[in-house]
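K.L.:
Provide a 3D model corresponding to the input given below.
(chains A, B and C)
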Amino acid sequence: MTPELLTREFYSAPAVQVARRLLGCVLEFNGRGGRILEVEAYLGEGDEAAHTHRGITPRTRVIFGPPGHAYVYLNYGIHYCLNVVAEPDGRAGCVLIRAVEGIGNGPGKLTRALGITLELNGCDLTQGPLTIRRGRSPAGIVATPRIGIRKSIDLPLRFLATD
DNA sequence: GTCACGATTTGT
DNA sequence: CAAATCGTGACG
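P.N.:
So this is what the prediction gives:
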């Protein structure tokens, strides 16, 4: 296996911590990819903006499952969004990948550019074909409220790399 | 089975 | 600011 790939242990941490440490790491799929520059953390309880707010459902069960897996969903009937499952098995928590180096900002643009579809939902990031490996740490990290939501906008769970 | 809605993007 | 577009979740 590739030593540089992020380990299950890396993902088995609080969503906020995984989100911050994911900045600067390299996402790769279909021969394309780049450093992660912008992410958002979504929690389980207390986070009304998260899909997991209403508990486990067929769609959100992967978020409650073991960490290090991809959570992909279609939103607005148009765009796919890519998330990384965090927290230990049985607990909810995920990180939305919003921007990758070399691609314009936006979750939808990102998945379209890389060719990510619902088929990748639940795939193991430690095995591929979608992978994330260590990269150069960002110079700094800025936290702001999350984008595109109406609930819990007071929570600064969006993180940007300042490179 | 039915129905309202959204972690977005793009064009007017 | 409004449209596009469809799976999901709540309700019955």
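K.L.:
Contact residues of chain A facing DNA strand C?
P.N.:
Residues of chain A lying close to DNA strand C (Cβ under 7 Å from any atom of the strand) are A:51, A:54, A:57-60, A:73-74, A:76-78. All C-beta spots, glycine's among them, are computed from the backbone N, C-alpha and C.
K.L.:
residues in contact with A:Asn105?
P.N.:
A:38, A:98-99 (Cβ atoms under 8 Å, 6 or more residues apart in numbering).
K.L.:
Okay, buried residues for the longest strand seen in chain A please.
P.N.:
For chain A, the longest strand by residue count, based on DSSP state E, is strand A:32-42. Of all the residues in strand A:32-42, those buried under the rule 16 or more other Cβ atoms under 10 Å are A:33-42.
K.L.:
you'd agree A:Tyr42 is up against A:Arg98?
P.N.:
No: A:Tyr42 is not in contact with A:Arg98 according to Cβ atoms under 8 Å; the separation is 11.7 Å.
K.L.:
Low-confidence regions, chain A specifically.
P.N.:
Residues of chain A meeting the criterion pLDDT under 70: A:1-3.
K.L.:
cutoff 50 now
P.N.:
Along chain A, no part satisfies pLDDT under 50.
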